[in-house]
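Visitor: Test case, fold it:
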Amino acid sequence: AADKIRLIPQDFFAELCEQIIQHLNHKIPGINTAELCQRIQTSGVDINIGDLAKVANTLSFLFSTAARNNLSTEELVTSLGSGVSTLPKHAVQVIRHVWNEQGKAIALSGDARTTATVGQFVDMKWKLGVAMSSDTCRSLKYPYVTVTLTVADPSGQITDKSFEMTIPQFKNFFRQFKEMASVLETV
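Guide: Predicted structure coming up:
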């Protein structure tokens, strides 16, 4: 990941580190690497979303491990310097600054030990559509519901998952949500 970190300008790297710390502190549901990658590419840097996601995962692991071990800023920076592939100076400076300013909040919250191993719901969008015809059938008039779920995986990467349902499938989906709501009311 060190060679990919070298590609990322300092301001974008700082933004990524701050978003990861905020995610680990449960202040934001995740890191939108697609949006950040697009902005980095627009600035003229050739990096793909897969590489940026690897950097984000590495930094998330770094910060959560540092919090779990209750490392001071100097201990964290020293451990970074002893790695196999050393990080660029600007990256170490950013990590030092972000950890010094915001890292203790993770350590104090104690949540670093119990970081969730499942994704987190961020948003849901839906739309109703009707398939009018196809190349094999002139008159379909087939209604369907398209649902897009936005979720953050445990590392904080935000992704969209889309699927379509027939009306009977949607009614079953809705019935299950009503069951969940009624169970939640009893808690």
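
Visitor: what are the bridge partners for the closest residue in space to residue 19 that isn't next to it in sequence, then?
Guide: Sequence neighbours aside, residue 31 is the residue nearest to residue 19 in space, at 4.7 Å (criterion: C-beta to C-beta, 6 or more residues apart in numbering). In short, each C-beta sits where N, CA and C put it, glycine included. Assessed by DSSP bridges, residue 31 has beta-bridge partners residue 157.

Visitor: Would you agree residue 31 is in contact with residue 153?
Guide: No: counting by C-beta atoms under 8 Å, residue 31 stays clear of residue 153, with 10.0 Å between them.

Visitor: Looking at those two, which has the bigger crowd around it?
Guide: For residue 31 versus residue 153, neighbours defined as other C-beta atoms under 10 Å are more numerous around residue 31 (26 against 16).

Visitor: Could you pull up the residues touching the more buried one?
Guide: Neighbour list for residue 31: 16, 19-20, 23, 56, 152, 156-158 [criterion: C-beta atoms under 8 Å, 6 or more residues apart in numbering].

Visitor: follow-up on the earlier one: and the residue nearest to residue 19, how close does it get to residue 55?
Guide: To residue 55, residue 31 is 10 Å away according to C-beta to C-beta, to the nearest Å.

Visitor: Mind listing the shared neighbours of those two?
Guide: Contacts common to residue 31 and residue 55, judged by C-beta under 8 Å, 6+ apart, are residue 16.

Visitor: quick one on the thing from earlier: most neighbours among the contacts of residue 31, please name it.
Guide: Neighbour max across the contacts of residue 31 (other C-beta under 10 Å) = residue 20, 28 neighbours.
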